[in-house]
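Asker: Provided below for reference: sequence and predicted model.
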Amino acid sequence: MRTRPSKPLAPHAPAALDSIDLAILSVLQEDGRLPNSELAERVHLSPSACHRRVARLEAEGVIRGYAALLEPKAAGRRSTVFVEIKLSGQTTELLDAFETAVARIPDVMECHLMAGAADYLLKISARDPEDFARIHREALAQLPGVAQMQSSFSLKVVRSTTALPLD
């Protein structure tokens, strides 16, 4: 009997999403802890068919995981700061070094490579302005290749969602 060499599990290319897949995804984006039986009822499937579809969506990487969404203020994080960063160069080595270093900063909630005036846009979660000063001094100012930084404090969250539009 021949065996295949073992490969790490990786998501494969997702199949086209039909209206039932989109309904499942929409409901799960609202409540990822919904029991399968209730999810199945809401999308008009049998529980076993619903379970198979969710398992396929997970295996294909359409659903990449589940998480508890925390209220930042309740977790002691009252300040959100957006930081635009311009690098001193654009070499692959510099970009890689910057991205590796920024990924190690726990206060960085998001880091985006940008097109436009800034090279990167970071979303930072801080306890307060003094905490951001510490993050800036101890972490951001130490990032490799930074030529310029501009920080903007969020005054109010007008809209925040984790749900992707599925139309």
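Answerer: It's in. This structure is a prediction, so every number in the text was calculated from the model and none was measured.
Asker: please, where are all the strands along the chain?
Answerer: 79-87, 108-113, 120-126, 146-153 (DSSP state E).
Asker: quick check: the residue nearest to Arg127 when sequence neighbours are not counted vs Leu39, distance?
Answerer: Using Cβ to Cβ, 6 or more residues apart in numbering and skipping the chain neighbours, the partner closest in space to Arg127 is Gly76 (5.5 Å). Quick note: C-beta positions are derived from backbone N, CA and C, even for glycine. Distance of Gly76 to Leu39, computed by Cβ to Cβ, to the nearest Å: 33 Å.
Asker: with neighbour numbers in mind, choose between the two.
Answerer: Leu39 (21 against 11; other Cβ atoms under 10 Å).
Asker: how near is the more buried one to Ala115?
Answerer: In terms of Cβ to Cβ, Leu39 sits 38 Å off from Ala115.
Asker: ditto for Gln29
Answerer: 28 Å.
Asker: do Ala141 as well
Answerer: Distance from Ala141 to Ala115, by Cβ to Cβ: 25 Å.
Asker: go on, Leu143?
Answerer: From Leu143 to Ala115 the distance is 20 Å (Cβ to Cβ).
Asker: same check, this time on Val54
Answerer: Val54 is 35 Å from Ala115, by Cβ to Cβ.
Asker: tell me what the residue nearest the centre of the chain is bridged to.
Answerer: Centroid check for the chain by Cα atoms, centre = their mean gives Glu110 as the closest residue, at 6.9 Å. Taking DSSP bridges as the rule, Glu110 bridges to Lys123.
Asker: was I right to think it contacts Lys123?
Answerer: Yes - Glu110 is in contact with Lys123 according to Cβ atoms under 8 Å; the separation is 4.1 Å.
Asker: Ala101: how many residues sit nearby?
Answerer: So Ala101, with other Cβ under 10 Å, has 16 neighbours.
Asker: could you do the one 3 residues further on as well?
Answerer: Arg104 sits with 9 neighbouring residues when counted by other Cβ under 10 Å.
Asker: same deal with Ala141?
Answerer: Counted with other Cβ under 10 Å, Ala141 comes out at 10.
Asker: residues in contact with it?
Answerer: Going by Cβ atoms under 8 Å, 6 or more residues apart in numbering, Ala141 touches Met149.
Asker: got the confidence number for the residue nearest to Arg127?
Answerer: You'll see Gly76 listed with a pLDDT of 97.
Asker: again, but for Arg4
Answerer: pLDDT, read off for Arg4, is 38.
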